[in-house]
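*Asks:* the sequence isn't on hand, but the structure is:
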Ligand code: UT7
């Protein structure tokens, strides 16, 4: 006999399991060589300081919903879930198509997810983890069965391509995850997360205009206040400490050592940050997913894109313990521990 959700909450805790992951990257590539012709930079500096070789750029007339929809369609098809079954859509982004309505609304309509609700989450580069942690709650408390979590950003829309400090770092892309309810008896799913917010970092990574404090005016445009500014050195140090401390704490809490881990899927902002965090956690390069050379920093997109590619490459086996970790504007940072629940590789599409 089938148990109702109410009976389940009393008898056993629900777990949020990842049943599908997908991603989308625009075709247009912006290489380090292209950037050499645009600003005072060079391939050697970018490669050695960041690990990035190229990034993808979305067409000017398209917004993040274009990428989010495609990533979502791939994730839904891999999960064998139809959009009409979704209860909730969460979109992590700092570059929604427009301030109002939420990108979640635009994506919901295009997907035909007629029975769900949804909203956007701005957690900077850690936005996807904020959205995963939020989505998992609705499943764990038995409120929802199927949640779509999207991380998507079009950083090319808010970059100053005359500022070498930022324009070489970021790119455009999206990833999506389908979370479904499974009973506690089933192996796998989101095990735990540890998220943080420290507003003293607000001045280290921001875009000043376009909100209620500095709405768009001729002056804000002339003063270039609609572009991203970053104090790279400060963010760099804080990112290494933040990501490694939180991940280590989660591992210790769950009795895990470096050798017990399947894969670390870190936010792809800088290869040197990823290497430092991995060393501090006692992980080998085989235990760390890196694709920064292809996409640069796609903000909320990095982790789901990397997860989708790691699944395609067969780098996650059923039962593997996986850590997702990110650091970004706010500062907002944290890690999420999960147990991979799927057999085999994702089909490449
Ligand atoms: O995703 C959100 C979180 N963001 C991050 O995690 C990013 C964290 N920060 C970083 O990844 C690094 O700090 C950067 C890649 C942004 C910069 O690397 P760095 O090793 O910290 O370089 P720096 O800022 O200390 O700059 C070193 C030098 C400077 O020249 P001087 O002052 O030493 O003469 C910069 O002007 O490199 C110069 N520089 C460049 N040179 C060539 C800065 N950008 C460039 C460039 N090409 N694109």
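*Replies:* Structure's in. What do you need? None of the values given here were measured: they were computed from a predicted structure.
*Asks:* could I get the phi/psi values of the closest residue to the ligand within the chain?
*Replies:* Here the residue of the chain nearest the ligand is residue 232; by CB to the nearest ligand atom that distance is 2.8 Å. (C-beta placed from N, C-alpha, C; glycine too.) Backbone torsions of residue 232, given as degrees, to the nearest 10, read phi -50, psi -40.
*Asks:* excluding chain neighbours, what is closest to it?
*Replies:* Closest residue to residue 232 apart from its sequence neighbours, by CB to CB, 6 or more residues apart in numbering: residue 165 at 6.3 Å.
*Asks:* looking at it, that neighbour is touching residue 228, isn't it?
*Replies:* No: using CB atoms under 8 Å as the test, residue 165 is too far from residue 228 to be in contact (9.7 Å).
*Asks:* how far away is the residue nearest to residue 232 from residue 45?
*Replies:* Note on residue 165: its distance to residue 45, by CB to CB, to the nearest Å, is 11 Å.
*Asks:* go on, residue 115?
*Replies:* Applying CB to CB, the value for residue 115 to residue 45 is 51 Å.
*Asks:* what does residue 177 give?
*Replies:* Separation of residue 177 from residue 45 (CB to CB): 34 Å.
*Asks:* the two: who's more crowded?
*Replies:* residue 177 (29 against 14; other CB atoms under 10 Å).
*Asks:* so residue 251 sits right up against residue 282, yeah?
*Replies:* No: in this structure, residue 251 is not within contact of residue 282 by CB under 8 Å, at 9.1 Å.
*Asks:* which parts of this protein sit against the ligand?
*Replies:* Counting by CB under 6 Å from any ligand atom, the chain comes close to the ligand at 41, 45-46, 49-50, 125, 164-165, 168-169, 232-233, 235-236, 239, 269-270, 273, 297, 327-328.
*Asks:* looking at those, which are in strands?
*Replies:* Among the residues of the chain next to the ligand, DSSP state E puts 327-328 in strands.
*Asks:* buried subset of the residues of the chain next to the ligand, written for PyMOL?
*Replies:* What follows is the PyMOL syntax for the buried subset of these, where burial is set by 16 or more other CB atoms under 10 Å:
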select buried, resi 41+46+49+50+125+164+168+169+232+235+236+239+269+270+273+297+327+328
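*Asks:* now stretch 233-250, how far from the centre of its chain.
*Replies:* Mean-position distance between stretch 233-250 and its chain equals 17 Å (CA atoms, centre = their mean, to the nearest Å).
*Asks:* cool, stretch 26-34 as well?
*Replies:* That offset, for stretch 26-34, works out to 21 Å (CA atoms, centre = their mean).
*Asks:* contacts for that stretch, please.
*Replies:* The contact list for stretch 26-34, computed with CB atoms under 8 Å, 6 or more residues apart in numbering, reads 41-43, 46-47, 52-59, 67, 156, 168, 171-173.
*Asks:* and that stretch, what's buried?
*Replies:* Under the neighbour-count criterion of 16+ other CB under 10 Å, stretch 26-34 has 26, 30, 32 buried.
*Asks:* can I get those in JSON lines with pLDDT?
*Replies:* Output for the buried residues of stretch 26-34, formatted as JSON lines (pLDDT from 0 to 100):
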{"residue": "26", "pLDDT": "98"}
{"residue": "30", "pLDDT": "98"}
{"residue": "32", "pLDDT": "98"}
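*Asks:* can you redo these as a markdown table with secondary structure and distance to residue 100?
*Replies:* Converted to a markdown table, those look like this (DSSP: H, G, I helix; E, B strand; the rest coil; distance: CB to CB, whole Å):
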| residue | secondary structure | distance to residue 100 |
| --- | --- | --- |
| 26 | coil | 25 |
| 30 | strand | 30 |
| 32 | helix | 37 |
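*Asks:* which among those residues gets closest to residue 311?
*Replies:* When those are compared for distance to residue 311 (CB to CB), residue 26 wins out at 20.8 Å.
*Asks:* ramachandran angles for the closest one?
*Replies:* Torsion angles, degrees, to the nearest 10, at residue 26: phi -60, psi 160.
*Asks:* do a quick rundown of the helices in the stretch 101-250 of the chain.
*Replies:* 103-111, 127-140, 164-167, 218-222, 232-253 (DSSP state H, counting those that start in this stretch).
*Asks:* and those helices: which comes nearest residue 196?
*Replies:* Across these, residue 196 has its closest neighbour in helix 232-253 (6.9 Å, CB to CB).
*Asks:* now the closest one: how far from the chain's centre is it?
*Replies:* Mean C-alpha position of helix 232-253 versus that of the full chain (CA atoms, centre = their mean) differs by 16 Å.
*Asks:* can I assume residue 170 is in contact with residue 157?
*Replies:* No: between residue 170 and residue 157 there is no contact, the gap being 10.2 Å when judged by CB under 8 Å.
*Asks:* show me where pLDDT drops low in this protein?
*Replies:* 1-12, 349 (pLDDT under 70).
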